[in-house]
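Asks: test case, fold it:
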Amino acid sequence: MDLDVFVTAHRAEWDRLDALLQRQRRLTGAEADELVALYQRTATHLSLIQSSAPDPQLTGRLSQLVARARSAVTGTRRASWRDATRFLTHGFPAAVYKTRHWWVPTALLSTLVAALLGWWIGTTPEVQSSIAAPSELRELTRPGGQYETYYSSHPAASFAAQVWTNNAQAAALCLVLGVFLGLPVLWILFQNMLNLGVGFGLMSSAGRLDTFLGLILPHGLLELTAVFVAAGTGLRLGWTVIEPGPRTRRTALAEEGRAAVGMAIGLALVLFISGAIEGFVTPSGLPTWARITIGVAAELAFLAYVYVVGGRAARAGETGDVEEAERGATLPTAA
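Replies: Predicted structure coming up:
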């Protein structure tokens with residue numbers, strides 16, 4: 001493409017768009033229609049220049065012009081309670097639902113790994129001795145030992161806040177670091193399963209597996225599900241780097257990345273609930289069956305939220321990405 005000829009042919013349109021954007025008075029209907037048409041044409045011109053004959057100065061001018069025009073066409077938008085409600089009833093559950101083919105297998109395989117690690121640790125005295133001295137292991141697993149007092153060693157509110165912060169950070173790292181081909185996600189996931197397997201193995205070797213499950217299940221079901229969702233989404237983001245599909249890699253990463261950021265916010269809310277259960281229910285004086293029932297109820301409620309509410313939103317076309325008006329302009333690519 002001859003850039004000089006292209007600029008000469010379209011400069012009048014860009015100048016006209018700039019003039020319309022600088023109007024102090026309200027545009028007439030015809031002028032508003034003209035502004036929209038010029039905005040669409042200028043966005044196309046910008047894409048053509050970026051792909052065929054990139055010129056920094058011209059690209060900068062047209063990018064600024066397109067941004068101003070987009071703002072004028074779509075209007076200035078502020079976040080509202082309506083946006084938050086839509087996110088919780090459409091965007092977030094749909095995003096979790098659409099990634100179920102990643103996080104469900106992640107959950108199953110991770111649980112299997114944790115169980116195998118627990119069985120190996122629980123049946124191998126040599127491995128137990130490498131974790132801690134026998135006296136320390138007895139202190140950990142005895143009635144009233146560190147595994148039990150851990151959940152009541154701090155005031156419930158501060159403990160719940162600490163747990164929530166740690167888990168939300170782990171989930172956010174899974175989502176953000178997924179772009180590095182998913183490798184950091186696998187490491188974070190393994191560390192979580194190793195910690196679970198160690199507790200499982202040590203308490204089972206001491207004949208106190210029922211106590212361990214009574215402590216971990218009330219909050220652990222929902223907490224681990226949130227971690228699995230984050231890990232599965234992070235792995236999907238990593239796979240997008242390798243195989244973006246029919247989209248350009250840049251477009252695919254932008255779309256999946258925006259959805260992942262939204263999921264980080266939603267999962268923080270889920271982990272807040274699990275943290276509250278861990279801080280107030282797990283160490284409470286409620287019978288074990290009652291504490292586990294609360295954990296199972298929270299887990300079933302989340303799964304129903306994802307598969308019923310999220311499934312309905314996903315079938316309606318919701319993806320978890322921001323609304324179309326807030327996305328950058330994209331240029332179709334040839335297959």
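Asks: list the buried residues in the longest helix along the chain.
Replies: Ordering each helix of the chain by length in residues (DSSP state H) puts helix 209-242 first. Buried positions in helix 209-242, judged by neighbour count with 16 or more other C-beta atoms under 10 Å: 209, 211-241. All C-beta spots, glycine's among them, are computed from the backbone N, C-alpha and C.
Asks: what's stretch 132-141 in contact with?
Replies: The contact list for stretch 132-141 (C-beta atoms under 8 Å, 6 or more residues apart in numbering) reads 128, 131, 145-147, 202-203, 205-206, 208.
Asks: go again using 6 Å as the cut-off
Replies: 145-147, 202-203, 206, 208 (C-beta atoms under 6 Å, 6 or more residues apart in numbering).
Asks: low-scoring stretches of this protein, by residue?
Replies: Residues of the chain meeting the criterion pLDDT under 70: 1, 24, 53, 74-80, 153-156, 158-159, 321-335.
Asks: quick check, central residue of it?
Replies: M263 (3.1 Å; C-alpha atoms, centre = their mean).
Asks: so the nearest residue to it once chain neighbours are set aside: helix, strand or coil?
Replies: Nearest residue to M263 in three dimensions, chain neighbours excluded: A95, at 5.2 Å (C-beta to C-beta, 6 or more residues apart in numbering). The assignment at A95 comes out as helix when based on DSSP: H, G, I helix; E, B strand; the rest coil.
Asks: count the residues that sit near A95.
Replies: 27 (other C-beta atoms under 10 Å).
Asks: who are the neighbours in contact with it?
Replies: A95 neighbours (C-beta under 6 Å, 6+ apart): 259, 263, 320.
Asks: which of the contacts of stretch 132-141 lies closest to T89?
Replies: Lowest distance from T89 to those (C-beta to C-beta) belongs to Y147, with 39.0 Å.
Asks: helix/strand/coil for the closest residue to that closest one other than its chain neighbours?
Replies: Nearest residue to Y147 in three dimensions, chain neighbours excluded: L140, at 5.7 Å (C-beta to C-beta, 6+ apart). Recorded secondary structure, L140: helix (three-state DSSP).
Asks: how far away is L140 from T149?
Replies: 10 Å (C-beta to C-beta, to the nearest Å).
Asks: between those two, which one's more packed in?
Replies: Using other C-beta under 10 Å as the criterion, L140 and T149 rank with L140 on top: 19 against 10.
Asks: check the spacing between the more buried one and G201 real quick.
Replies: For L140, the distance to G201 - C-beta to C-beta - is 11 Å.
Asks: same check on W14?
Replies: Counting by C-beta to C-beta - W14 and G201 are separated by 69 Å.
Asks: out of the two, which sits in the busier spot?
Replies: G201 (26 against 20).
Asks: quick one, what contacts the more buried one?
Replies: Neighbours of G201 in contact, by C-beta under 6 Å, 6+ apart: 118, 121-122.
Asks: out of those, who has the most neighbours?
Replies: Ranking these using other C-beta under 10 Å puts G118 first, with 24 neighbours.
Asks: from P287, how far out is it?
Replies: Per C-beta to C-beta, G118 is found 25 Å from P287.
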